[in-house]
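In: please work out how this folds:
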Amino acid sequence: INPSGSLPPTTAPTANPTRQPSVAGSFFCGFNTPVATGTTQYFCGMTHTNLFQTKAGRTTSTATGASGGQAGTTTDRYAFIETSTGVLGDVSVLQTPPLAATSASQLLDFYYHMAGATIGNLAVQTCVGTVCATQWTQTGAQHAAETSAWTRTFLMLPTGTTSVKWVATRGTSFTGDISIDTI
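Out: Below you'll find the model as predicted:
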């Protein structure tokens, strides 16, 4: 999350950019630095529910998911929903820790990857306290293959945003893995 509110250059980096929060409310997660133990260690302090997990390399299922993290290295981790389990319509949420509400707009910058025949939906919600509103959504396959380049997305966060949620909804089968990286 970029507190300046200005759009960065449109060229995509070839590796995870180095971003350092400079003011309260800034947040960065590349899913590569352990901050806890067990299954939550790479989630950067974010809460996660249901099917979300992190890993380096391709997802478990064939013909779906990303072949690796956005930076393209063999050790680059990312978050994804593993749709080999669960049922149609299962909702998984990844939410930032509390952000300091500001009086200025902030820019949200992240990468997503949605390859597979049974992709459900990915939405981004911004929250002010406990009231959340959907700001962005994608439904169905957005990438032709697991090896397709990740897509970078920019969103202006409403003034006063205190957290951001990525809400992934499982499609009809195991070929619906949805991936997120470099927030």
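In: secondary structure class for the closest residue to residue 97 other than its chain neighbours?
Out: Setting aside the residues directly before and after it, residue 97 is nearest to residue 45 in space (Cβ to Cβ, 6 or more residues apart in numbering), at 4.7 Å. Quick note: C-beta positions are derived from backbone N, CA and C, even for glycine. Assigned with DSSP: H, G, I helix; E, B strand; the rest coil, residue 45 falls in the coil class.
In: now do the contacts for residue 45.
Out: With contacts defined as Cβ atoms under 8 Å, 6 or more residues apart in numbering, residue 45 is in contact with 35-36, 97.
In: which of these count as buried?
Out: Neighbour-count burial (16 or more other Cβ atoms under 10 Å) is assigned to none of the contacts of residue 45.
In: between these, which sits nearest residue 173?
Out: Proximity to residue 173 was ranked across the contacts of residue 45 by Cβ to Cβ; first place goes to residue 36, at 31.7 Å.
In: what distance do you get for that closest one to residue 47?
Out: With distances taken as Cβ to Cβ, to the nearest Å, residue 36 is found 12 Å from residue 47.
In: hang on, the earlier thing: how much space separates the residue nearest to residue 97 from residue 80?
Out: Note on residue 45: its distance to residue 80, by Cβ to Cβ, is 18 Å.
In: likewise for residue 59?
Out: Noted for residue 59: a distance of 6 Å to residue 80, by Cβ to Cβ.
In: so for those two, which residue has more residues nearby?
Out: Regarding residue 59 and residue 80, a neighbour count based on other Cβ atoms under 10 Å identifies residue 80 as having more, with 29 against 26.
In: from what I see, that one and residue 166 are in contact.
Out: No: Residue 80 is not in contact with residue 166 according to Cβ atoms under 8 Å; the separation is 10.7 Å.
In: and for these two, which residues touch both?
Out: With the criterion set as Cβ under 8 Å, 6+ apart, the overlap between the contacts of residue 80 and residue 166 is residue 180.
In: now tabulate the contacts of residue 45 in CSV and tack on secondary structure, distance to residue 120 and pLDDT.
Out: Output for the contacts of residue 45, formatted as CSV (DSSP: H, G, I helix; E, B strand; the rest coil; distance: Cβ to Cβ, whole Å; pLDDT from 0 to 100):
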residue, secondary structure, distance to residue 120, pLDDT
35, coil, 28, 82
36, coil, 28, 72
97, coil, 26, 92
